[in-house]
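Engineer: coords please:
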Amino acid sequence: MNLKRQCLARKIEDCRKEMISLALDHSLIDEQVVSTSTRLDQLLNEYLMLKIDKQ
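Structural biologist: Here you go, the predicted model:
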């Protein structure tokens, strides 16, 4: 796995953990939870695009 994908994978994992933590403390519709979920979606899309480009 190249360095950019490794860095992105780490960001995805950190964001996922943050979202889970926020969701346990707040409502699922809380702005912090939704914002973190949106950021996670963007990171996942970026990661998938890197994988597609690699093929």
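Engineer: tell me the phi and psi of His26?
Structural biologist: phi -130, psi 170 (degrees, to the nearest 10).
Engineer: Is Cys15 within a helix or a strand, and which one?
Structural biologist: Per DSSP states H and E: Cys15 is located in helix 3-25.
Engineer: Quick check: next helix or strand after that helix?
Structural biologist: Following helix 3-25 in sequence, per DSSP H and E, is helix 31-54.
Engineer: Which strands or helices does that next one pack on?
Structural biologist: Helices and strands touching helix 31-54, by 3 or more C-beta pairs under 8 Å, 6 or more residues apart in numbering; DSSP states H and E, are helix 3-25. The C-beta positions use only the backbone N, C-alpha and C, and glycine is treated the same way.
Engineer: Report the inter-axis angle for the helix it packs on versus helix 31-54.
Structural biologist: Helix 3-25 and helix 31-54 are oriented at 160 degrees to each other (axes from the mean of the first three to the mean of the last three C-alpha atoms, to 10 degrees).
Engineer: average pLDDT across helix 3-25?
Structural biologist: In this model, helix 3-25 carries a mean pLDDT of 97.
Engineer: before we move on, what about stretch 30-46?
Structural biologist: 98.
Engineer: Can you give the distance of it from its chain's centre?
Structural biologist: For stretch 30-46, the separation from the chain centroid amounts to 6 Å (computed by C-alpha atoms, centre = their mean, to the nearest Å).
Engineer: just how off-centre is the helix holding Cys15 within its chain?
Structural biologist: Helix 3-25 has its C-alpha centroid displaced from the chain centroid by 5 Å (C-alpha atoms, centre = their mean).
Engineer: residue contacts, Thr36?
Structural biologist: Residues near Thr36 by C-beta atoms under 8 Å, 6 or more residues apart in numbering: Cys15, Glu18, Met19, Leu22.
Engineer: 6 Å instead?
Structural biologist: By C-beta atoms under 6 Å, 6 or more residues apart in numbering, the contact set of Thr36 is Glu18, Met19, Leu22.
Engineer: Find the nearest non-adjacent residue to the first one, please.
Structural biologist: Pointing back at Glu18 there. With sequence-adjacent residues excluded and distances taken as C-beta to C-beta, 6 or more residues apart in numbering, Glu18 is closest to Thr36, at 5.6 Å.
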